[in-house]
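Trainee: Predicted structure and sequence below. I'll ask about it afterward.
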Amino acid sequence: MTARVLSLYLARILNSYIDIENGDINFYRCPSRVPHTYSVMIIEGVITMTNPRATLETLLADVQTLQIATVSAEQQPHVSYVPCIVSADGDFYVLISDLAQHTQNLRHNNQVSILIMNPVQETQPVFARTRLNYQCCANRIDQSDPQYPRFLDQMAQQFGEIISLLRQLPDFHLFRFTPQTGSLVIGFGQAYQLNTTTNSEHHRKASTQLLTWEITLIQSEN
């Protein structure tokens, strides 16, 4: 069965529009305002069908640490990692120390880039690992904020007794990373730009934020 014939068959099952370019087959389901896009790859007779929204959901469900990039007061870039939790509205929460360079950087510049990656897998090329990147705005959560104990308790559930110790140390602070824009790469020719579907902060917070973002295929990126 050729790729084109197979695509027509799958499109009928999925009630979708299709787009075929350079061997990739993209399915656009209607009438959703934000299309569900299925990328179908046929390599040596093996059919691989991926849904970027499902991939995004899996990455967010499994994440425990973030790789983060910050900028110092001297405009020097700094890369590090931090444990994290993800809230229901799609914000990331981290507990970080004043002794860490990234914390000092965030006090001077609250813009932070975060990276979430799948582990290296034998079945995926190392140059095309699945990865999720967000440009975020960082804000410190004061201890007087009603959310403060709730998110620390959530961290304790995920990371254990060490949180009970860290929350007592005066140099540790809770920060919230709020995504502004992002990108998702599933593999070669499967890079997607992530954008909010509305400028309304109320609407963003009232929705399952990250999973309802507009996902747009970027043809030119890996």
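Mentor: Cool, the structure landed.

Trainee: Would you mind listing the buried residues in stretch 76-85?
Mentor: 82-85 (16 or more other Cβ atoms under 10 Å). Yep, even glycine has a C-beta here, placed from its N, CA and C like the rest.

Trainee: can you map out the helices along this protein?
Mentor: Under the criterion DSSP state H, the chain contains helices at 3-14, 52-62, 101-108, 147-159, 162-166, 201-206.

Trainee: Going by mean pLDDT, which of these comes out lowest?
Mentor: With a mean of 35, helix 201-206 has the lowest mean pLDDT of these.

Trainee: Output the lowest mean pLDDT helix or strand found in the chain.
Mentor: Every helix and strand of the chain was ranked by mean pLDDT, DSSP states H and E. The lowest is helix 201-206, at a mean of 35.

Trainee: Would you agree Thr70 is in contact with Arg107?
Mentor: No - counting by Cβ atoms under 8 Å, Thr70 does not reach Arg107; the two are 10.0 Å apart.

Trainee: which one of the two has more residues nearby?
Mentor: Using other Cβ atoms under 10 Å as the criterion, Thr70 and Arg107 rank with Thr70 on top: 24 against 13.

Trainee: Bridged to that one, which residues?
Mentor: Under the criterion DSSP bridges, Thr70 forms beta bridges with His78.

Trainee: quick one: it from Asn195, how far?
Mentor: Distance from Thr70 to Asn195, counting by Cβ to Cβ, to the nearest Å: 23 Å.

Trainee: list the contacts for Ser97?
Mentor: If a contact means Cβ atoms under 8 Å, 6 or more residues apart in numbering, then Ser97 has 103, 169, 171-173 as its contacts.

Trainee: quick one: strands adjacent to the strand ranked longest in the chain?
Mentor: Longest strand of the chain, by residue count under DSSP state E: strand 172-187. Sheet pairing of strand 172-187 (DSSP bridges) gives strand 92-97 (antiparallel), strand 131-141 (antiparallel), strand 190-195 (antiparallel).

Trainee: Take the buried residues of stretch 76-85 and keep only those in strands.
Mentor: Counted as lying in strands by DSSP E, out of the buried residues of stretch 76-85, are 82-83, 85.

Trainee: OK, contacts around the nearest residue to Asp142 once chain neighbours are set aside?
Mentor: The shortest distance from Asp142 to any non-neighbouring residue, by Cβ to Cβ, 6 or more residues apart in numbering, is to Tyr148 (6.9 Å). Contacts for Tyr148 (Cβ under 8 Å, 6+ apart) come out as 141-142, 174.
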